[in-house]
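1. just to be clear, the model below is a prediction. Sequence and coordinates:
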Amino acid sequence: MAALPTREERAELGRAARKRGPAAGHRDWTPAPDRPDPIALLEEQATTRIPELVPIRYGRMAVSPFTFFRGAALPMAVDLAPTPVSGLTVQACGDAHLSNFGLFASPERDLLFDINDFDETLPGPWEWDLKRLAASLVVAGRELGLDAVTNAHAVHAAVHSYRQRMTEFAAMSAIDVFYSRVDVAAITTFVNKRARPFLESTVKSTSKHDSLHELPKLTELDEAGRRRIRDHPPVLVHRPEFTEEATTIGLATYRDSLLVDRRALFDRYEIVDWALKVVGVGSVGLVAAVALLDEGADASPVFLQVKQAEASVLERFLGASSYPTGGERVVAGQRLLQAATDVLLGWAVGPAGRHFYIRQLQDQKGSAVIEVMTSDDLVTWGRLCGWALARGHARSGDPVAIAAYLGDDNAVDHAFADFAALYADQNEKDHAAFVAAITSGRLKAETGV
């Protein structure tokens, strides 16, 4: 067995990578002359989705440049593919915009801040995640009416936070990095006083989002007094595809994917109902369902979210996933990146060959409400995102090499801020073209309300 590289050798890898590709190389971005039409890329994705739900996806993306950005992970992956990278690989989130970070409850019921969306996860360049986060801050800042200086400050803060935390992780042992987490107690002392009310409101809202909170919103009693999921077309509806056979086959696969102790937990429940539930922006049109589990007439129910997992948008540029199913890819990526994962996180293969991942629905989960953010809130949220992203990348990549590449100056901060502003410009153009395609009739859009 070959000896592991020393800490100095790992640092030298990072320094050598920065010599080959200086930080300034991340600054400039222009669309490629042969850049694919982003609308055509979205239409390509629609071919594998439920046709009647695609207009809802388009309607949600059309609302603003930020909602468009949320759904445009594939167009941005196309744009990032030719950009310079250090060659230092991590488990990339693949869609690390600021709304894909938030609070959730750990198995110990502590509230943690972390990445909370892994649909596109794949091993890849750390730069791609950080650039998507940086661009999302500028896109959101513009939507809030903030000026260019304030938006650049938000990006500087997020990238500086990523760089600072990566340096800290580089000095820690591997097992200490693994145990590290961004919990509410830590971030309360970290947060600027002016942003503290926003965070406290988010924490308070998150703590209420659990199965009991969702019960009256999602269910009703039928004539026999049994609790069933309430139809709310088109975003929550029973579908004939979800037959008893599909449930049995799919969940047998799911049970096998759980750790042994979680199988014992799952076996205490039975599924009494499930229905299609439209969620998010970018994933609208893929099969997503909510399953109602019951332990008994007098016990509290549990909701599972069942989401289809296709190939990551990064796979066309970085190669196919090493996992046999998209669901297993998502679950493995989540376990690598998150400090603590849902006890019922697993994957399944349906009878039609679709791949799924499964987790609890609204188990004390909360994200930022962008529309009510102040400039201080945006800066603080960006810092927290940078912290959590660095922690995930340090767990899955080499923090020593990445920290050495980032260095102790602010060149990377400024380079990523310049990139973010340029990409936000392009996103606005793409959103305008997208809205024009809807107006012209090329795309059909619905609100889903």
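-> On my side now, so go ahead.

2. P125 is in contact with H26, correct?
-> No: using C-beta atoms under 8 Å as the test, H26 is too far from P125 to be in contact (10.7 Å). Every C-beta, even on glycine, is put in place using the N, C-alpha and C of the backbone.

3. does the closest residue to H238 other than its chain neighbours count as helix, strand or coil?
-> Leaving out its chain neighbours, the residue that sits closest to H238 by C-beta to C-beta, 6 or more residues apart in numbering is A275, at 4.6 Å. Here A275 is strand, with the state taken from DSSP: H, G, I helix; E, B strand; the rest coil.

4. ok, how many other residues are close to A275?
-> A count of nearby residues for A275, using other C-beta atoms under 10 Å, gives 19.

5. per-residue confidence for it?
-> We note a pLDDT of 88 for A275 in this prediction.

6. identify the bridge partners of it.
-> V290 (DSSP bridges).

7. which residues does it contact?
-> Residues near A275 by C-beta atoms under 8 Å, 6 or more residues apart in numbering: I229, D231, L236, V237, H238, R239, F242, A289, V290.

8. restricted to strands, list those.
-> Counting by DSSP state E, those place I229, L236, V237, A289, V290 in strands.

9. which of those residues are buried?
-> Neighbour-count burial (16 or more other C-beta atoms under 10 Å) applied to those gives I229, L236, A289, V290.

10. which of the residues you listed lies closest to P75?
-> The shortest approach to P75 among those belongs to A289, at 27.4 Å (C-beta to C-beta).

11. so which helix or strand takes in the nearest residue to the closest one once chain neighbours are set aside?
-> Spatial nearest neighbour of A289, excluding adjacent residues (C-beta to C-beta, 6+ apart): V306 at 4.3 Å. Assigned by DSSP states H and E, V306 belongs to strand 302-308.

12. any idea which helix or strand comes after that strand?
-> Toward the C-terminus, strand 302-308 is succeeded by helix 315-318 as the next helix or strand (DSSP H and E).

13. any idea which helix or strand comes after that next one?
-> With DSSP H and E, the next secondary element past helix 315-318 is helix 326-337.

14. buried residues in that following helix?
-> Applying 16+ other C-beta under 10 Å to helix 326-337 flags G326, G327, E328, R329, V330, V331, A332, G333, Q334, L336, L337 as buried.

15. in a markdown table: the residues you listed, plus pLDDT.
-> Supplementary listing: these in a markdown table, determined by pLDDT from 0 to 100:
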| residue | pLDDT |
| --- | --- |
| G326 | 96 |
| G327 | 96 |
| E328 | 97 |
| R329 | 98 |
| V330 | 98 |
| V331 | 97 |
| A332 | 97 |
| G333 | 97 |
| Q334 | 96 |
| L336 | 95 |
| L337 | 96 |
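
16. just give me the closest of those to I249.
-> Once C-beta to C-beta is applied, the member of the buried residues of helix 326-337 that ends up nearest I249 is G327, at 14.0 Å.

17. I'd say that closest one and G353 touch.
-> No: the criterion here is C-beta under 8 Å, and G327 misses it with G353 at 11.8 Å.

18. now R383: how far from W347?
-> Remark: distance between R383 and W347 (C-beta to C-beta, to the nearest Å) = 33 Å.

19. for the chain, which element, helix or strand, carries the lowest mean pLDDT?
-> Using mean pLDDT, DSSP states H and E, the weakest-scoring helix or strand in the chain turns out to be helix 196-208, at a mean of 63.

20. need the contact list for P65.
-> P65 neighbours (C-beta under 8 Å, 6+ apart): V139, R142, E143, A424, N427, E428, H431.

21. what's the closest non-adjacent residue to it?
-> Per C-beta to C-beta, 6+ apart, closest to P65 is H431, 4.4 Å.

22. with I249 instead?
-> For I249, the spatially nearest residue (C-beta to C-beta, 6+ apart) is P351, at 4.8 Å.

23. tell me which helix or strand the one you found sits in.
-> Using DSSP H and E, P351 falls outside every helix and strand.

24. just the buried residues of stretch 2-12, please?
-> Quick answer for stretch 2-12 (16+ other C-beta under 10 Å): R10, A11.

25. who's in contact with D409?
-> Contact partners of D409, counting by C-beta under 8 Å, 6+ apart, are absent.

26. wait, a helix at it?
-> No: secondary structure of D409 (three-state DSSP): coil, not part of a helix.

27. and it, what's its pLDDT?
-> Value for D409, per-residue pLDDT: 89.

28. about what we covered before: least confident pick among the contacts of A275?
-> F242 (69).
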